[in-house]
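In: A predicted structure for the sequence below; I have some questions about it.
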Amino acid sequence: MEKPKVVILCGGMGTRMNKETEFMPKPLVNVGSHPILWHIMKTYSHYGFNDFVLCLGYKGDMIKNYFRNFHSHVKDYTFNLRTRDKIFHGDTEIPDWNITFANTGLHSNTGCRIKKIEKHITGDNFMVTYGDGVADINIPELLNYHRTHGKVGTVTTVRPSTRFGNLTINEHGQILDFTKKTKIHEGWIDGGFFVFNKKIFDYLTEDPDCMLEREPLKQLASEQQFMSYKHKGFWQCMDTTRDHQHLNNIWKSNQVPWRVWR
């Protein structure tokens with residue numbers, strides 16, 4: 001069975017982290033010595049999912065350049081100024097990742113970005129997540145749950161402490177209503193780490209205003225085609241500077257829940 005591709009939304013401007021994102025896209029903001037995007041990809045790769053599609057927008061060329069020069073970021077090297085040859089040192093592991101860089105527009109919303117990468121999806125299912133959130137999710141378990149229930153979409157739902165709005169979920173895990181970022185401070189919320197059947201493309205358009213989290217997912221919920229995978233472990237997004245500091249403090253503690261690749 002073909003392994004689903006992993007689509008990561010990397011195009012937003014990160015306006016709530018202006019200090020960090022003025023000169024780089026949020027997925028390249030470091031947690032420890034690596035961008036948060038690397039942490040997300042390492043999680044999927046740990047479970048054998050190594051085919052990625054990065055939906056680029058704001059400062060997307062910086063993401064391309066990061067991976068193009070990946071060896072230089074993670075290894076010591078000697079550089080000859082005249083010949084421009086590089087000799088790399090050490091045995092640092094380089095991930096065996098296939099990465100498709102998809103330019104999905106500077107001002108595109110999330111639904112538009114996913115619609116624009118439809119041509120890169122070959123299997124019946126694919127995974128999607130945001131380029132700013134980490135978790136200790138068991139990806140094969142999530143995927144198996146999606147395949148078992150047979151609906152169009154699955155979202156990983158989590159219980160954060162503040163700031164987010166509730167989803168209405170019945171006792172069977174079916175999402176009845178999809179509403180985000182209200183003033184409610186308890187309950188299950190969208191944590192990213194989606195799995196979709198390719199039928200999701202029928203709900204999306206290339207209109208830059210098409211936002212996955214609005215009409216497309218609300219329509220899925222109203223048609224009883226949207227399920228919740230409840231994750232009770234660690235989850236943290238990097239939405240603000242405070243979140244960024246929190247993640248770095250966790251990394252420095254060396255007790256890192258999302259580092260499943262240990």
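Out: Everything's here; your move.
In: three-state assignment of residue 72?
Out: Following DSSP: H, G, I helix; E, B strand; the rest coil, residue 72 is assigned to helix.
In: If you tally nearby residues, what's the number for it?
Out: Residues lying near residue 72 (other Cβ atoms under 10 Å) number 13. From N, CA and C alone the C-beta is placed, and that goes for glycine too.
In: give the contact list for it.
Out: Listed by Cβ atoms under 8 Å, 6 or more residues apart in numbering, the contact partners of residue 72 are residue 86.
In: I'd like the distance between it and residue 38.
Out: Distance from residue 72 to residue 38, counting by Cβ to Cβ, to the nearest Å: 14 Å.
In: Same check on residue 241?
Out: Look at residue 241 and residue 38: by Cβ to Cβ, they are 20 Å apart.
In: Mind checking which of those two has more residues around it?
Out: Neighbour totals were compared for residue 241 and residue 38, and residue 38 leads with 22 against 15 (other Cβ under 10 Å).
In: Check for me that the more buried one belongs to a helix.
Out: Yes - with three-state DSSP as the criterion, residue 38 is assigned to a helix.
In: what about residue 22, distance to residue 241?
Out: For residue 22, the distance to residue 241 (Cβ to Cβ) stands at 12 Å.
In: overlap in contacts of those two?
Out: With contacts defined as Cβ under 8 Å, 6+ apart, no residue is shared by residue 22 and residue 241.
In: show me where the stretch 151-262 of the chain has helices.
Out: Secondary structure of the stretch 151-262 of the chain (DSSP state H, counting those that start in this stretch): helices at 215-222, 241-253.
In: The stretch 51-200 of the chain: strands as residue ranges?
Out: Taking DSSP state E, counting those that start in this stretch as the test, the strands found in the stretch 51-200 of the chain are 51-56, 76-79, 86-89, 98-103, 125-130, 133-135, 153-158, 167-169, 175-178, 189-190, 194-197.
In: quick one: which of those strands is nearest residue 215?
Out: Relative to residue 215, the nearest member of the strands of the stretch 51-200 of the chain by Cβ to Cβ is strand 175-178, separated by 9.6 Å.
In: Mind checking the pLDDT average for the closest one?
Out: Mean per-residue pLDDT for strand 175-178: 68.
In: end to end, how far does stretch 65-72 reach?
Out: End-to-end span of stretch 65-72 (Cα to Cα, to the nearest Å): 11 Å.
In: likewise stretch 26-46?
Out: Termini of stretch 26-46 sit 23 Å apart (Cα to Cα).
In: Can you point out the buried residues in that stretch?
Out: Along stretch 26-46, these residues count as buried under the neighbour rule (16 or more other Cβ atoms under 10 Å): 26-31, 35-45.
In: ok, now stretch 69-82?
Out: Residues of stretch 69-82 classed as buried by neighbour count (16+ other Cβ under 10 Å): residue 74.
In: what's near enough to touch the residue of the chain most remote from its centre?
Out: Relative to the mean C-alpha coordinate of the chain, counting by Cα atoms, centre = their mean, the farthest residue is residue 82 (40.5 Å). Contacts here follow Cβ under 8 Å, 6+ apart; on that basis residue 82 touches nothing.
In: where in the stretch 101-250 of the chain is pLDDT low?
Out: The stretch 101-250 of the chain contains residues with pLDDT under 70 at 161-169, 171, 176-186.
In: what's the most buried one of the helices of the stretch 151-262 of the chain?
Out: Of all those, helix 215-222 carries the top mean neighbour count, a mean of 20, counting by mean count of other Cβ atoms under 10 Å.
In: Fine by me, thanks again.
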